[in-house]
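A.B. asks: One predicted model, sequence on top.
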Amino acid sequence: MQDDQFLDAYLQDYYQKKIDKRKLEGIIFEFLRKKVRPFYERRWGSGDYLDFLCWFYFRIGRGIDRYRYSGVSFDLYILSVARMSAREYHRVQREHHTAESTYWDAVSQDTIMNREPSYLDDKPGPFRPVNNPRQTLILLLKSYYYVSEDFLSRAAPAMGMDQDFLWKLIEEMRVLRAGRDEKIQELRDRIHSQYYRCMTFEKRLAVFSPGSSRYTVLEERLARGRNRLHSMQRRLCRIRTGASNRQVAQVLGIPKGTIDSSMAAIKARKKRSLD
């Protein structure tokens, strides 16, 4: 590109089909990179400005198509579009940075909360022997969702049963309730994502001044996000994570009435202990 030739001349060459649109886009890109760059670098730095130009390059074509001469030269028009796009780029980058920092803060907190506990040298021993292994087995199957192998390794001796046999029953219950468990996990994941989304909205609100249009939009989104989060949490609370009496009876191969009577006895004993 000649230094003494402005973008208006290249635009005329484009209208006369002396150069194609892709060539004109490259000329505009070089114009912004070489001649305008020193003014932007005072605030951004060379790396940030080049990142902006790469982001802005895909908008140059639309700027060419939308240009209509109305007393403003093509050079000034491109500079005006670049300035407006720079403000939008700053806003998008700031929001992306806010979302990224929110995510990593949340992940770091999850890492701390989910860190494996440091046990003493002496590992927990087995539970005390239970008085009624059958009722304990029923409770174990109803609470299958939270049973781990470590728990079974200590519970099996207390119940006088083989650990592999108990684990086989747990696996049968999980297969029987696979569809419901998948829905529960899907809802938990959605709640997790919605929680991060609300945190991001809260941090974005701190960037904009109260009363601005952007602040109002984010405030409304945050309110809708919180309502949706609370709705999903209430829905999760209404979902039964434990197995039903009929499913326990199906896994054990015994009548459902036996499970019902055992659960009634357990509840009555629990009520007496609380009283």
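C.D. replies: Perfect, I can see it now.
A.B. asks: Pro157: how many residues sit nearby?
C.D. replies: Here the number of neighbours of Pro157 (other CB atoms under 10 Å) works out to 15. Every residue, glycine included, has its C-beta placed from N, CA and C.
A.B. asks: ok, and what's touching the helix or strand that contains it?
C.D. replies: Following DSSP states H and E, one finds Pro157 within helix 149-159. Here helix 149-159 makes contact (CB atoms under 8 Å, 6 or more residues apart in numbering) with 124-130, 133, 136-137, 140, 162-163, 166-167, 170.
A.B. asks: redo that, cut-off 6 Å
C.D. replies: Contacts with helix 149-159, where a contact means CB atoms under 6 Å, 6 or more residues apart in numbering, come from Pro126, Phe127, Pro129, Val130, Pro133, Thr136, Gln163, Leu166, Trp167.
A.B. asks: Tell me which residues touch the fifth one, please.
C.D. replies: Spelled out, it's Pro133. Met159, Gly160.
A.B. asks: Likewise for the last one?
C.D. replies: For Trp167, the set of contacting residues under the criterion of CB under 6 Å, 6+ apart consists of Leu152.
A.B. asks: As a check, name the ranges of all helices in this protein.
C.D. replies: Assignment of helices within the chain using DSSP state H yields the ranges 7-15, 21-31, 37-41, 46-66, 74-113, 133-142, 149-159, 163-176, 178-205, 213-238, 245-252, 256-274.
A.B. asks: residues in contact with stretch 174-184?
C.D. replies: With CB under 6 Å, 6+ apart, stretch 174-184 has contacts from Ile239, Gln247.
A.B. asks: rewinding a little: and the contacts of helix 149-159, which two are furthest apart?
C.D. replies: Of all pairs drawn from those, the one with the longest distance (CB to CB) is Pro129 and Trp167, at 19.8 Å.
A.B. asks: ok now the helix holding Pro157, how far from the chain's centre?
C.D. replies: Helix 149-159 sits 36 Å away from the centroid of its parent chain (CA atoms, centre = their mean, to the nearest Å).
A.B. asks: Give me the angle between that helix and helix 163-176.
C.D. replies: Here helix 149-159 points in a direction 120 degrees away from that of helix 163-176 (axes from the mean of the first three to the mean of the last three CA atoms, to 10 degrees).
A.B. asks: Next one, pLDDT for the residue nearest to Tyr146 when sequence neighbours are not counted please.
C.D. replies: Nearest non-adjacent residue to Tyr146, counting by CB to CB, 6 or more residues apart in numbering: Thr241, 7.9 Å away. On pLDDT, Thr241 comes in at 81.
A.B. asks: Would you confirm that Thr241 contacts Tyr144?
C.D. replies: No: shown here, Thr241 and Tyr144 do not form a contact pair, counting by CB atoms under 6 Å, at 9.2 Å.
A.B. asks: Neighbour count for these two, which is higher?
C.D. replies: Neighbours per residue, other CB under 10 Å: of Thr241 and Tyr144, the larger number sits with Tyr144, 22 against 15.
A.B. asks: check contacts around the nearest residue to that one once chain neighbours are set aside.
C.D. replies: Distances taken as CB to CB, 6+ apart place Met173 nearest to Tyr144, at 4.4 Å, with adjacent residues excluded. Applying CB under 6 Å, 6+ apart, we find Met173 in contact with Leu141, Tyr144, Ala243, Val251.
A.B. asks: Please tell me I have it right and the second one contacts Ile170.
C.D. replies: Read it as Tyr144. Yes: with contact taken as CB under 6 Å, Tyr144 and Ile170 are classed as touching, separated by 5.1 Å.
A.B. asks: Just give me the neighbour total for Ala264.
C.D. replies: As a burial measure, the neighbour count of Ala264 was computed by other CB under 10 Å and equals 10.
A.B. asks: separation between it and Arg134?
C.D. replies: Per CB to CB, to the nearest Å, Ala264 is found 14 Å from Arg134.
A.B. asks: swap in Arg154?
C.D. replies: For Arg154 relative to Arg134 (CB to CB), the value is 19 Å.
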